[in-house]
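K.L.:
Got a predicted structure plus its sequence, pasted below:
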Amino acid sequence: MSTTTITGARVFDGEKTLGVTTVSIEDGKIVRIGGEAPAGSDVVDGTGATLLPGLIDAHVHTGPASLALALRFGVTTELEMQGLNTRDRRAGISENDAVADVRSAGFGLTPPGGHPSELFPPGFTPGGRGGTGEPPFHPDATSPEGAAASIPELLARGSDYVKFMIDDGSVEGHPGLPMIDQATLNAGAAEARRYGALTVAHTLTIDAVKMAVEAGIDGLAHVFVEPHDDEIIALIKDAGMFVVPCAVLNASLMGITGGELADDPRVSSRLDEDWDKTLRSSFNCYPQGDVKDVLKTIKALNDEGVDILVGTDASHPLPFLGGLAHGASVHHELQYLVQAGLTPEQALRAATATTARRFALSDRGRIAEGLRADLLLVDGDPTTTISDTLNTRAVWRRGTRLGL
């Protein structure tokens, strides 16, 4: 059995900086931290670099090609918030070390014609039948009884957590969409708790957040677009929620493209024409918003001890879903978090250990003996200069080094 040892690198273990030390990996796992390289090791010289846990994107919509792109940017796990990559469909992905690993909510609870149907042009079908040949399960969000009955079905079909859409379309420029009501949301969330399932909610407004709080939802898959006040920050904190801000998505809603990121050669060199075009586009459906308000909300939440998780809402390479690209936008989100006032180490925790803890991914998200060898080696020191996360020197998924 071969051993790989990374020497001479600064190590950020997902929670704190360990300084310069060695990390040995064997059979897909981290087997030793510190000391000399074991005899016979394949030594990787990490001098001048920083070793991080593989990054986790806590909000995507993805497929095999997108998972491969994510891994090229050091994102070793993606958490799908609506899609086809449930446990019963992803065996090939789980065993393929050329793509990021994935967890999925399956399809979220939303009424017929509700969000996200307004995002897609007529005739466009996001998703499909998936690997089993069976159509995906669309849960019932039309009544409390229907929502409650959908939860065990979702979990039996392999959803790793349960997603609720709380959105009337106003932010996306489609006000009046059918939206889950409070009683139905409460019933679905209560049933999920009965099964021990984690719950997340799509919430782009303060009113939607208040509905999620009342229902006892565990985490928010977005931060709201309006300016915050002390009351909403306190509600989120007191509820023990985590928040996946997706600042990159809110910026796109407000007409801000990812063009500056796309101009970075560390990014452009890894994107094909379709993803480059998508990253340079934007949703541009909420131009009255101000991204500074989003960043102030993130800072207020972080200051109150609310767990912040890195997520992007990256989806398909289509300009009407613009401003986002798998993998690349994780690094953009890290930069937004630091711009909001988080330290680089706090931002890195939000993309590693904090997400792993909140989503019960106990085998990853940290550099510790016995955990998966999902690792990212970058030139420089992102614990002081966050943009150094893009200086990719090497990526490992389960100890297998990706060819870059």
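P.N.:
Arrived safely.
K.L.:
Lowest mean pLDDT among the helices and strands, pick that one out for this protein.
P.N.:
helix 91-94 (a mean of 91; mean pLDDT, DSSP states H and E).
K.L.:
Would you mark the buried spots in it?
P.N.:
Buried residues in helix 91-94, defined by neighbour count with 16 or more other Cβ atoms under 10 Å: I93. From N, CA and C alone the C-beta is placed, and that goes for glycine too.
K.L.:
Show me what the helix or strand encompassing F164 is packed up against.
P.N.:
Taking DSSP states H and E as the definition, F164 sits inside strand 162-166. Judged by 3 or more Cβ pairs under 8 Å, 6 or more residues apart in numbering; DSSP states H and E, strand 162-166 is in contact with helix 144-156, helix 182-194, strand 199-203, helix 206-215.
K.L.:
which stretch among those comes nearest S387?
P.N.:
Closest approach to S387 among those (Cβ to Cβ): strand 199-203, 28.6 Å.
K.L.:
Just give the strands next to the closest one in its sheet, each with its orientation.
P.N.:
As defined by DSSP bridges, the strand partners of strand 199-203 come to strand 162-166 (parallel), strand 219-220 (parallel).
K.L.:
Buried ones in that strand, by neighbour count?
P.N.:
Quick answer for strand 199-203 (16+ other Cβ under 10 Å): T199, V200, A201, H202, T203.
K.L.:
Would you pull up how far it lies from the middle of the chain?
P.N.:
The chain centre lies 13 Å from the centre of strand 199-203; the measure is Cα atoms, centre = their mean, to the nearest Å.
K.L.:
ok, and what's touching it?
P.N.:
The list of residues contacting strand 199-203 from outside it, by Cβ atoms under 8 Å, 6 or more residues apart in numbering, reads 81, 105, 108, 115, 161-167, 185, 189, 192-193, 208-209, 211-212, 215-222, 224, 244.
K.L.:
In CSV, please show the C-alpha coordinates belonging to it.
P.N.:
Provided in CSV are the C-alpha atoms of strand 199-203 (Å, rounded to 0.1, in the frame of the first residue of the first chain):
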residue,chain,number,x,y,z
THR,A,199,-34.0,20.9,6.9
VAL,A,200,-33.0,23.9,4.7
ALA,A,201,-35.1,26.6,3.2
HIS,A,202,-34.8,28.9,0.2
THR,A,203,-35.4,32.4,1.6
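K.L.:
what angle do it and helix 144-156 make?
P.N.:
On the basis of axes from the mean of the first three to the mean of the last three Cα atoms, to 10 degrees, strand 199-203 is oriented at 120 degrees to helix 144-156.
K.L.:
Tell me which stretches of the stretch 201-350 of the chain form strands.
P.N.:
Applying DSSP state E, counting those that start in this stretch to the stretch 201-350 of the chain gives strands spanning 219-220, 242-243, 307-308.
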